[in-house]
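> Quick one: sequence plus predicted model below, questions after.
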Amino acid sequence: MTKRQEDQLTMWTATNAVLKNYEEKWKSIAAFANAAHLFRKISLEVNAAISTQQQDNTGITQGKIAMRSNLTEQCRQMALNIESYAFNIKDFALEQQFHFTPTYFERLRDNALPVVAGAIFQKASDLKTQLSDYGVGDEELKELKTLIEKYKGMNPAPRLAKGEVKQATVNIADKINEGTEQLNLMDKLAGNFSKKSPEFVSSFRNARIVINRTSSKKLKKASDTTVVKQITAAIYR
C-alpha cells in the first residue's frame, strides 16, 4: 500500500469509531444509514484483504529464509566433499571449480542459487561412487535434490496480466475508492443532524479530516511566518 492509502485507512478507523459511538443518532436518516452500512462492509473487506496479504507475505518470507539457509548449507558441504576428493586425486581443475568462498552462496540471487546448486548436485551424482568415502550417498543426494526443487517452487512465478490479478485477489485500491464514495455521501448528509446531534456532526467531521491535520498545521505555520516577514519588511522600509 502507498502512504496515502495508509493515511486513508487511518481516517477510516477513526470514522468507524464515531459511527459506532453515535449509531442511534444517524439511523434516523435512511440514506445516511445505508451509506454507513456499505462503508462498514467495505472496511471489513479491505481489512481482511490486508490481513491475508500480510500473513501470506510473512509466511512465505520466513519459510523461504529457512529453506535458503538449509539449501545453502547442503550446497556448501557437498562442494567441500567434491573439493576434498579433487585435492586427494590431484585434480586441480576440479578442485578449483568447486572451491567457494565462505560468503559465496549467501550472495547469490534467488534465481541463481538453484542453478549453482543444480551444478553441484549433478557433479556429485556423477562422482557418487568416488564420493562414497566422503560422506556422499543416495540419501544425501536425494536430500539435496529435494531442497533444490522446493526452493525453486518458492521463487516468484511470472506475473499475471492486470486483469488476472484483479480476478484473483481483492483490489484494495478499488475498495478504497468505493469506501470513499460512501464517505462523500455521508459528508453531504451529515448536516441534517446539526440541530438534533451537533456532537455527532462535530465528531464525524473531525474524524474525516484526521489525515489532513498535520499538513494543515504546516501550511498555517508557513502562512503565519510569511505574514510576520511581510510586517517586518514594512516596518523597516
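Cool, got the structure.

> Touching, Arg205 and Phe193? I think so.
No: counting by Cβ atoms under 8 Å, Arg205 does not reach Phe193; the two are 10.8 Å apart. C-beta here means a position set from N, CA and C on the backbone, and glycine is covered the same way.

> higher neighbour count, these two?
Counting neighbours by other Cβ atoms under 10 Å for Arg205 and for Phe193 shows that Phe193 has the greater number, 19 against 14.

> Tell me who's in contact with the more buried one.
Under the criterion of Cβ atoms under 8 Å, 6 or more residues apart in numbering, the neighbours of Phe193 are 25-26, 29, 200-201.

> redo that, cut-off 10 Å
22, 25-26, 28-29, 32, 199-201, 204 (Cβ atoms under 10 Å, 6 or more residues apart in numbering).

> quick one, helices of the protein?
3-21, 23-26, 30-88, 92-97, 113-126, 138-154, 162-168, 172-189, 198-208, 213-235 (DSSP state H).

> So which of these is nearest Thr103?
helix 30-88 (10.3 Å; Cβ to Cβ).

> Show the pLDDT at Lys162.
Note on Lys162: pLDDT of 41.

> ugh, wrong one, I meant Pro158
47.

> Also Lys221?
Per-residue pLDDT puts Lys221 at 47.

> between the helices of the chain, which gets the lowest average pLDDT?
Of all those, helix 162-168 has the smallest average pLDDT, which comes to a mean of 39.

> picking that back up, columns distance to Ser132 on top of the helices of the chain, output as a markdown table?
Shown next, in a markdown table, are the helices of the chain (distance: least, Cβ to Cβ, whole Å):
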| stretch | distance to Ser132 |
| --- | --- |
| helix 3-21 | 58 |
| helix 23-26 | 75 |
| helix 30-88 | 10 |
| helix 92-97 | 17 |
| helix 113-126 | 11 |
| helix 138-154 | 10 |
| helix 162-168 | 48 |
| helix 172-189 | 56 |
| helix 198-208 | 72 |
| helix 213-235 | 69 |
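
> so which of those helices gets nearest Phe105?
Of those, nearest to Phe105 by Cβ to Cβ is helix 30-88, at 4.3 Å.

> how far off helix 3-21 does the closest one point, in degrees?
Angle, helix 30-88 to helix 3-21, by axes from the mean of the first three to the mean of the last three Cα atoms, to 10 degrees: 140 degrees.

> Return the distance of helix 30-88 from the chain's centre.
Relative to its chain's centre, helix 30-88 lies at 9 Å (Cα atoms, centre = their mean, to the nearest Å).

> how about Ser132, what does it touch?
By Cβ under 10 Å, 6+ apart, the contact list for Ser132 reads Asp138.

> what's the spacing between it and Tyr85?
Note on Ser132: its distance to Tyr85, by Cβ to Cβ, to the nearest Å, is 10 Å.

> One more: Asp126?
Distance of Asp126 to Tyr85, given as Cβ to Cβ: 12 Å.

> repeat for Arg205
77 Å.

> Ile176 and Gln182 touch, don't they?
No: applying Cβ atoms under 10 Å as the test, Ile176 and Gln182 come out as separate, 11.0 Å apart.

> any common contacting residues for these two?
42-43.

> on that earlier part again, are any of the contacts of Phe193 buried, and which?
Among those, those scoring as buried are 22, 25-26, 29, 32, 200-201, 204 (criterion: 16 or more other Cβ atoms under 10 Å).

> wait, which of those is closest to Ile148?
Phe204 (57.7 Å).

> Just to check, the closest one is in contact with Thr15?
Yes: in this structure, Phe204 is within contact of Thr15 by Cβ under 10 Å, at 7.1 Å.

> Sounds good, over and out.
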